[in-house]
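Colleague: Sequence and predicted model, in that order:
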Amino acid sequence: MATFCFNNHFLIAMPTLEDPTFERSVALICQHDDKGAMGIVINRSIPLTLGEVLEQLDLSASTINNPQRPIFSGGPVQPERGLVLHSRESEWDSTIPIGDTLALTTSKDILEAMSENRGPSKALFALGYAGWTEGQLEREVGENSWLSAPADNDIIFNTPVEHRWFQAAESVGINLATVSRETGHA
């Protein structure tokens, strides 16, 4: 069993993390157990909109709120797979609860509902996800690659994308502008 469960927590890349896939990223951990973890990066938008995705799926984008909403690169695993991180007032065919107020859905019925203006009140659409094998996430946190913080729906859905990295860290009192890029051990 994992020593600390990171479900419904942000992983905030420390300034020392230089992997271009995760540098300055914020990932919401959706599932974490002794077999590994999966999450969605919430601050890497790509040049594609929700309206364009709905049209590619032959769904109407004319009735949705803000069809220009950006799509996010949720991580490097299965980048062709669509996932919707959303407020938890409803459930669809493939919905996984994440805490009391968030859920993740991977089935097309949520997009159909969104195209008919029956979707969740808050939603973030991502292509792909981030995955960690057994013990990998714990090792990376122990190596100070990541800072963890409880998830905050306001950061996910209301904070401008370019401010999410700083805001997530500030939610636990860390100013990333003052964190050294050098690491060491006493």
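Modeller: Cool, the structure landed.

Colleague: who touches the residue nearest the centre of the chain in this structure?
Modeller: By C-alpha atoms, centre = their mean, the chain has its centre lying nearest to residue 40, at 3.0 Å. Residue 40 makes contacts with 27-28, 30, 72, 74-75, 83, 85, 104, 124, 126, 129-130, as judged by C-beta atoms under 8 Å, 6 or more residues apart in numbering. Backbone N, C-alpha and C define where each C-beta goes, glycine included.

Colleague: hmm, 7 Å instead?
Modeller: 27-28, 30, 74-75, 83, 85, 126, 129 (C-beta atoms under 7 Å, 6 or more residues apart in numbering).

Colleague: for residue 78, same thing?
Modeller: Residue 78 makes contact with 128-129, according to C-beta under 7 Å, 6+ apart.

Colleague: Check the secondary structure at the residue nearest to residue 72 when sequence neighbours are not counted for me.
Modeller: Among residues not flanking residue 72 along the chain, residue 126 sits closest, at 4.3 Å (C-beta to C-beta, 6 or more residues apart in numbering). At residue 126 the chain is in strand, as set by DSSP: H, G, I helix; E, B strand; the rest coil.

Colleague: do the same with residue 140
Modeller: Residue 140 is classified as helix under three-state DSSP.
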